[in-house]
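*Asks:* Build me a structure from this.
(chains A and B)
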Protein chains: 2
Amino acid sequence: MRFLHTADWHIGKKLHGYDLLEEQVDAFQQILTIAKKEQVDAIVVAGDLYDRSVPSVEAIEVFNKMIIEMNLQEKFPVLAISGNHDSSTRLETGGPWFIQSNFHLNTRLDQAFQPVEMENTQFFLLPYFEPISARLYFDNEEIRTIEQAMKEVVTEMKKQFKPDMKHVLVSHFFVAGSEKSDSETKLMVGGLDTVPLSLLESFDYVALGHLHGKNALQAENARYSGSPLKFSLSEMNQKKGVWIVDTKANETTFEFKEITPLRNVIQIEGSFKELTTQEFYESIDRENYLHIQLTDRAVIPNMMNQLRKIYPRVIGVERLFGREVQQKHNETKKEIKTLAPNELVAQFFSDVTGEELTRQQQVWIKENLAEIYQAERGK
Amino acid sequence: MRFLHTADWHIGKKLHGYDLLEEQVDAFQQILTIAKKEQVDAIVVAGDLYDRSVPSVEAIEVFNKMIIEMNLQEKFPVLAISGNHDSSTRLETGGPWFIQSNFHLNTRLDQAFQPVEMENTQFFLLPYFEPISARLYFDNEEIRTIEQAMKEVVTEMKKQFKPDMKHVLVSHFFVAGSEKSDSETKLMVGGLDTVPLSLLESFDYVALGHLHGKNALQAENARYSGSPLKFSLSEMNQKKGVWIVDTKANETTFEFKEITPLRNVIQIEGSFKELTTQEFYESIDRENYLHIQLTDRAVIPNMMNQLRKIYPRVIGVERLFGREVQQKHNETKKEIKTLAPNELVAQFFSDVTGEELTRQQQVWIKENLAEIYQAERGK
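*Replies:* Numbering: from 1, shown residues only, chains lettered A, B, ... in the order given. Here you go, the predicted structure:
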């Protein structure tokens, strides 16, 4: 049995306000191309199909097209689960019909114990769940953590194991010892949500979702596929892609296939003058999502607007050596009580943005303050 | 071809704050029972499956169970369209898979021109749409109203007509001459959204959704099924149910089958004293949704609480002859400037609710006013 392992699609996710749907469609097409080239027997998606429990209409349109293409047009069997970002109930609509064309989408804990059998392999599709679900399912008040729940879950699954078959678990949680990046949902402190790797040793392969880096966990029989795209600056240096997994009679092997993003997340460093020099900016792909590290310390009027004219997708600007105005911080603080309201606004603006008010902005502030005075007098 | 015609399920709708899911499940079960008893070949649902474009998780759970039972378990072919209350994109998830088991759910205008053929009948499933969709689909800038759009739509459909078959249109709009009730979405003034009956004469039967009364339109070849439940006081006297339609070779017949609501919407009239008398309230079904017409004119302290103790589902209280306090209106108005803040609040409360503040409420107001004074002084 040869399958493709992906996860954490987060359809509808935005990167610092930028819509990623186009990138997500492109990455999906690359996944399909890999699946065809590698002649896999199925595609596994280990949770977080959507980025939000109530996805936008645009995200739903994109997602619907993807699953139609993958399952109905390209005829790939699909083995998927809901992740912590998905609303299991919203996602499960259509589930019983999907099965007719070998699209298995599990969203409830109770579905996890009936494995999907394909060729030599039993797939256990375990959606993301909270301990309370396991407490109810097993009628066991003792279950308070995911670790306690997983002990019961794995015991229950093993009852279904056919000894002459391979066993794959598809799941979406944090495995102890993994490394996280910024864009994953904040996890609970204290390990309440952590599953020790030892609990998963009965499986020939564990196709994980939740963490966005493919190297988050190094284990003999378990991998995070990572997300198909970089979803934060902290994922800048990660290679994105999918695993091609083979459950052969004597061993299970897996190999990583890379995805090239339509637009990359990169970081550039330099002075404002350098970065706005034609020679420099023509040497890089300005369509990328850019995090800019400025070496200047001086205030640069209208900085963001000037940068965005050259770089359409700036996701952040950082001052490597601080900004001069910050040095005056204590000094200006003392002055605050003696400043006129319009001066106060101007100073606040420049403190926050590092820019000076334009002439038009000054006019607006003057007009608005005048209105407020008038309203106050009228009381 | 014999089919059941229903519409306007509005799953998730609330009646004056009361959740109707239990009633909706009960009405659905009655629809299924009728479908089985009448041995229909299909069930037609003419739009407004959900009450809101983003239904609650609870509504989705109920709806999913319904379509699974109707189509996958009871094996009824289903012919459905989205209505103006549905989000067409959200509803269409799963659509291409539903078809595998004869569940046709059209949510886009372009799907309406490929009829579903069953036995001797062609079904044209036309979802609710805005004129802009027709403008784009027909590439015709002239289309500004639903009437203009429908001329084109019907012309296009007629190209698909097979002369030896019967033709049924399933649609969701306002047909000229129909009567509306309170709970339907406000329709545009001036007839922009109105379809003349004459445009629909090519069809043997038009299964309509949108209006909630089965008698909203009396036509030889068209009917609103109405909603399965009473969704407002104005629907109090309507009989609710479904049509059983037969498209026979020489004629098309239809017959109404009634649904008995789990809890009815009724109106009762009397003095507060009468309504709270055991003899009276034991003579009626207090589980119903009640609109109460009070004959009293006096202020009744704590009225709503007292009524709700006896009648758990009060959807409104009306004073048939006004309230005494309203007579003093002009008089009290003059006093307002001379009242202390706590007296002002008390008077406002009694004006609005017809009740006096309880001791505890007076204490809360006193405490809160004190806090506000203190805060003001601290400025």
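
*Asks:* Residue of chain A nearest chain B, please.
*Replies:* residue A:94 (2.4 Å; C-beta to the nearest C-beta). Just so you know, the C-beta spots here come from the backbone N, C-alpha and C atoms, and that holds for glycine as well.

*Asks:* so that residue touches residue B:93, yeah?
*Replies:* Yes. Using C-beta atoms under 8 Å, residue A:94 makes contact with residue B:93 at a distance of 5.7 Å.

*Asks:* ranges for the strands of the stretch 101-250 of chain A?
*Replies:* Along the stretch 101-250 of chain A, counting by DSSP state E, counting those that start in this stretch, strands occupy A:103-106, A:116-118, A:121-125, A:166-172, A:174-175, A:194-195, A:205-209, A:222-224, A:241-247.

*Asks:* Let's have those in TSV, adding distance to residue B:226.
*Replies:* As requested, the strands of the stretch 101-250 of chain A are arranged in TSV below (distance: least, C-beta to C-beta, whole Å):
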stretch	distance to residue B:226
strand A:103-106	36
strand A:116-118	44
strand A:121-125	42
strand A:166-172	45
strand A:174-175	52
strand A:194-195	53
strand A:205-209	46
strand A:222-224	53
strand A:241-247	52
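
*Asks:* Return the most buried member of those.
*Replies:* Greatest average neighbour count among the strands of the stretch 101-250 of chain A goes to strand A:205-209 (a mean of 29), per mean count of other C-beta atoms under 10 Å in any protein chain shown.

*Asks:* Who are the packing partners of that strand?
*Replies:* The contact analysis (3 or more C-beta pairs under 8 Å, 6 or more residues apart in numbering or on different chains; DSSP states H and E) places strand A:205-209 against strand A:42-46, strand A:166-172, strand A:222-224, strand A:241-247.

*Asks:* switch to 6 Å and redo it
*Replies:* strand A:42-46, strand A:166-172 (3 or more C-beta pairs under 6 Å, 6 or more residues apart in numbering or on different chains; DSSP states H and E).

*Asks:* Mind putting the ones you listed into a markdown table with mean pLDDT and distance to chain B?
*Replies:* Converted to a markdown table, the helices and strands packed on strand A:205-209 look like this (pLDDT from 0 to 100; distance: least, C-beta to the nearest C-beta, whole Å):
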| stretch | mean pLDDT | distance to chain B |
| --- | --- | --- |
| strand A:42-46 | 98 | 16 |
| strand A:166-172 | 97 | 19 |
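
*Asks:* wait, which of the ones you listed is closest to residue B:225?
*Replies:* Evaluated over the helices and strands packed on strand A:205-209, closeness to residue B:225 peaks at strand A:42-46, with 40.1 Å, by C-beta to C-beta.

*Asks:* Name the strands paired with that closest one and say parallel or antiparallel.
*Replies:* Strand A:42-46 has its sheet partners listed here by DSSP bridges as strand A:2-6 (parallel), strand A:78-81 (parallel).

*Asks:* just how off-centre is the helix or strand following the last one within its chain?
*Replies:* It refers to strand A:78-81. Stepping forward along the backbone from strand A:78-81, the first helix or strand reached (DSSP states H and E) is helix A:88-92. With C-alpha atoms, centre = their mean, to the nearest Å as the basis, helix A:88-92 stands 19 Å off its chain's centre.

*Asks:* Can you spell out which helices and strands pack onto the following helix or strand past helix A:88-92?
*Replies:* Of the helices and strands lying after helix A:88-92 in sequence (DSSP H and E), the nearest is helix A:95-98. If contacts are counted by 3+ C-beta pairs under 6 Å, 6+ apart, helix A:95-98 sits against helix B:95-98.

*Asks:* what's the neighbour count on residue A:311?
*Replies:* 20 (other C-beta atoms under 10 Å in any protein chain shown).

*Asks:* Does it touch residue A:286 like I think?
*Replies:* Yes. Using C-beta atoms under 6 Å, residue A:311 is in contact with residue A:286, at 5.3 Å.

*Asks:* Isn't residue A:321 up against residue A:297?
*Replies:* Yes. Counting by C-beta under 6 Å, residue A:297 is a contact partner of residue A:321 at 5.3 Å.

*Asks:* For these two, work out which one has more neighbours and name it.
*Replies:* In this comparison of residue A:321 against residue A:297, neighbours counted by other C-beta under 10 Å, the higher total goes to residue A:297 at 15 against 10.

*Asks:* Look at the more buried one and tell me its secondary structure.
*Replies:* With DSSP: H, G, I helix; E, B strand; the rest coil as the basis, the three-state label of residue A:297 is coil.

*Asks:* Just list the residues touching it, thanks.
*Replies:* Listed by C-beta atoms under 6 Å, 6 or more residues apart in numbering or on different chains, the contact set of residue A:297 reads A:321, A:323, A:324.

*Asks:* and the gap between it and residue A:354?
*Replies:* Look at residue A:297 and residue A:354: by C-beta to C-beta, to the nearest Å, they are 10 Å apart.

*Asks:* Now do the shared contacts for those two.
*Replies:* Common contact partners of residue A:297 and residue A:354 (C-beta under 6 Å, 6+ apart): residue A:323.

*Asks:* Show me the shaky parts of chain A.
*Replies:* By pLDDT under 70, the weakly predicted segments of chain A are A:179-192, A:325-337, A:378-379.

*Asks:* which residues are contacting the longest helix seen in chain A?
*Replies:* Longest helix in chain A by number of residues (criterion: DSSP state H): helix A:359-378. Contacts with helix A:359-378, where a contact means C-beta under 6 Å, 6+ apart, come from A:341, A:342, A:345.

*Asks:* on that earlier part again, as TSV, the helices and strands packed on strand A:205-209 with distance to residue B:50 would be great.
*Replies:* Below are those laid out as TSV (distance: least, C-beta to C-beta, whole Å):
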stretch	distance to residue B:50
strand A:42-46	27
strand A:166-172	28
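
*Asks:* Done for today, thanks.
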